[in-house]
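Trainee: From the sequence below, what's the structure:
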Amino acid sequence: MFVATLVASASMGQGDIAAAADRLAKAGCQPGDTLWLDAGKAADIFFAADPVAARAALTGLGQGIDIIVQPQATREKALIIADMDSTMITVECIDELADYAGIKPQIAEITERAMRGELDFAGALDERVALLKGLDDSAIDRCRAERVTIMPGAIALVRTMKARGARALLVSGGFTRFTGPVAEEIGFDAAVANVLEIADGALLGTVSRPIVDAARKRAELEAMIAGGIDRALTLAVGDGANDIPMIEGAGLGVAYHAKPKTRAAAAAEIVHGDLSVLLYAQGIASADWVQD
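Mentor: The predicted structure is shown next:
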């Protein structure tokens with residue numbers, strides 16, 4: 001049995017659910033029971049066959065409605081592995097840090113191209129960090145305090161999953177000076193990221209090796225699976241091209257407000273809502289979320 005979870009960014013009604021069920025029936029997916037998770041906000045439709053056809057049939061169902069299709073038996077996950085920039089937080093830290101050096105447009109353009117998969121990630125990282133050479137170390141803490149905002153739904157998602165026994169790992173192509181505090185604030189068990197090299201109170205324009213790239217993100221997922229977590233019970237979420245390998249390797253790989261290549265690679269995507277969509281996807285109603 002499979003489940004299609006519909007989550008509205010604003011609201012939806014019984015007519016939206018009926019329309020979704022009709023689409024599933026026409027696609028040969030054999031829809032059955034429906035269930036409100038939160039009335040007017042999120043609902044499940046259970047069906048018997050062909051999740052690929054179901055996802056295709058439900059695409060573009062209604063304005064502001066995200067849809068996650070997956071096997072019912074493994075919908076609640078035992079691991080979340082997540083990107084940080086533009087996923088767990090609302091900004092790209094290196095772009096914001098560049099603003100303190102007066103070169104944000106120059107670096108942001110490289111970031112955008114790298115996240116779209118147009119540039120080699122390692123080369124793009126080195127190029128951007130080199131441009132920050134000489135920036136005062138204190139700018140990192142200022143940037144984090146003044147610019148970094150936790151993504152809506154992130155705290156509820158991670159803390160609710162952990163309260164139900166899951167593990168949570170933050171994996172970032174960004175920097176440890178940001179991921180440490182962000183991971184602690186949200187509630188992750190651990191964080192993996194790049195280390196900016198600093199001497200005499202200023203950035204040297206380099207990062208320590210090896211870097212955290214797409215391969216490293218996938219390796220972190222595989223290590224958790226090798227440690228005893230069933231792949232089907234893993235959830236990976238990110239927005240950029242460097243998240244694709246871990247998204248493809250997870251039981252449920254989710255593209256979050258993502259670049260086109262990432263959306264194409266993912267089994268599910270969030271286009272309209274925030275990260276709380278991933279709690280509804282696990283069958284967890286808002287009354288059961290951990291908010292603090």
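Trainee: where's residue 157 relative to residue 33, distance?
Mentor: Residue 157 is 26 Å from residue 33, where distance means C-beta to C-beta, to the nearest Å. Using the backbone N, CA and C atoms, a C-beta is placed for each residue, glycine as well.
Trainee: likewise residue 191?
Mentor: From residue 191 to residue 33 the distance is 40 Å (C-beta to C-beta).
Trainee: Let me see the ranges of the strands in the stretch 151-292 of the chain.
Mentor: Remark: strands assigned in the stretch 151-292 of the chain by DSSP state E, counting those that start in this stretch are 167-175, 190-194, 196-199, 202-207, 234-238, 252-256, 268-270.
Trainee: Now do the third one: everything it contacts.
Mentor: Just to be clear, that refers to strand 196-199. 129, 137, 140, 175, 176, 177, 203, 204, 205, 206, 207, 208 (C-beta atoms under 8 Å, 6 or more residues apart in numbering).
Trainee: Select only the buried ones of those residues in PyMOL?
Mentor: Per 16 or more other C-beta atoms under 10 Å, the buried members of those correspond to this PyMOL selection:
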select buried, resi 129+140+175+176+177+203+204+205+207
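Trainee: a markdown table for the contacts of strand 196-199, including distance to residue 90 and pLDDT?
Mentor: Output for these, formatted as a markdown table (distance: C-beta to C-beta, whole Å; pLDDT from 0 to 100):
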| residue | distance to residue 90 | pLDDT |
| --- | --- | --- |
| 129 | 22 | 96 |
| 137 | 24 | 95 |
| 140 | 18 | 97 |
| 175 | 17 | 97 |
| 176 | 19 | 97 |
| 177 | 18 | 97 |
| 203 | 23 | 97 |
| 204 | 28 | 97 |
| 205 | 26 | 97 |
| 206 | 27 | 97 |
| 207 | 23 | 97 |
| 208 | 26 | 97 |
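Trainee: Specify which member of the contacts of strand 196-199 is nearest to residue 9.
Mentor: Taking C-beta to C-beta as the measure, residue 9 lies nearest residue 175 of the contacts of strand 196-199, at 31.3 Å.
Trainee: so what's that closest one up against?
Mentor: Residue 175 neighbours (C-beta under 8 Å, 6+ apart): 93, 94, 140, 193, 194, 195, 196, 207.
Trainee: on contacts alone, who are the packing partners of the strand or helix carrying residue 129?
Mentor: Secondary structure from DSSP states H and E places residue 129 in helix 121-131. If you count contacts as 3 or more C-beta pairs under 8 Å, 6 or more residues apart in numbering; DSSP states H and E, helix 121-131 packs onto helix 93-100, helix 104-115, strand 202-207.
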